[in-house]
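Colleague: Structural data only, the sequence is not supplied:
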């Protein structure tokens, strides 16, 4: 191919991720030209609504997908955690090697989450993060702060909150590691499915571009994030729900951690499953069955009754 048009959001992080994709593709295809088309999504336009109130699972990707379907772009670059579980006429072609999947506490104060006081406040709009913060520290205030990563950090610097919980990957990609106070452990703070991974979406029919993009696909990152998304699909979760999942591979074995939480009483259920990497699909489905028993079923019913699932 002589030219590939890449569609992306226009935030600093989104453009940084598009550059990462292009840099990797240029190594494989030095004679190919790459153009970037910036596309504004509904999530970029509406910044005054709490994400938990939004049922649109394509809030940050829909307009980019429309450009893909209209063949105005060849490849859509997304943060995988923003993508709907189920796609129509498009597919995820490639997952780049995953960055740090963890959430981090970002602050001007050099104080870890457990040591923050009732006079301190943490900014986040994520229900998943709010519940896990509350489980670890019942005293700290939690306030809604939306915006791109750099926007939220600037709000924190100006004093709108004492700290933020953000995805480590975005903070690192923007070179803002100096604000990281604490990496939150996955055993106590389960991340969103696909967090830290860059996904390349294409038209299902476009096998030529698919063949090109597969050159930069990271097999283990693809398997792990696929396992996470299968789990979420089976329990009916979206990227704004109080559910989490993370998979990791070691010695040809995959361990998948799933988490679901109540929005009413902060009840949190976590379960793990480990097995051969080749069985990741079955393992994800089994984990979804296991976690939706007993207390897990109570949480799922509560979320359905409150129209969260």
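Modeller: It's in. Worth saying up front: this structure is predicted, and the values here are computed from it rather than measured.

Colleague: so residue 247 is in which element?
Modeller: strand 243-250 (DSSP states H and E).

Colleague: could you say what helices and strands that strand packs with?
Modeller: Using 3 or more Cβ pairs under 8 Å, 6 or more residues apart in numbering; DSSP states H and E as the contact test, the elements touching strand 243-250 are helix 219-235, strand 253-261. Backbone N, C-alpha and C define where each C-beta goes, glycine included.

Colleague: Tell me which of those sits nearest to residue 165.
Modeller: Across those, residue 165 has its closest neighbour in strand 253-261 (14.6 Å, Cβ to Cβ).

Colleague: where do the strands sit along the stretch 151-300 of the chain?
Modeller: Secondary structure of the stretch 151-300 of the chain (DSSP state E, counting those that start in this stretch): strands located at 163-167, 180-183, 198-203, 243-250, 253-261, 268-276.

Colleague: My error: substitute the stretch 1-150 of the chain in the last question.
Modeller: Using DSSP E, counting those that start in this stretch, strands in the stretch 1-150 of the chain cover 3-8, 33-38, 75-79, 90-95, 103-107, 121-123, 141-143.

Colleague: Mind putting these into CSV with mean pLDDT?
Modeller: Shown next, in CSV, are the strands of the stretch 1-150 of the chain (pLDDT from 0 to 100):
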stretch, mean pLDDT
strand 3-8, 97
strand 33-38, 97
strand 75-79, 97
strand 90-95, 98
strand 103-107, 97
strand 121-123, 97
strand 141-143, 97
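
Colleague: In CSV, list these along with distance to residue 268 and mean neighbour count.
Modeller: As requested, the strands of the stretch 1-150 of the chain are exported to CSV (distance: least, Cβ to Cβ, whole Å; neighbours: other Cβ atoms under 10 Å):
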stretch, distance to residue 268, mean neighbour count
strand 3-8, 34, 19
strand 33-38, 38, 15
strand 75-79, 24, 25
strand 90-95, 28, 21
strand 103-107, 15, 25
strand 121-123, 17, 22
strand 141-143, 15, 15
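
Colleague: With respect to residue 67, which of those strands lies nearest?
Modeller: Nearest of these (Cβ to Cβ): strand 3-8, 5.2 Å.
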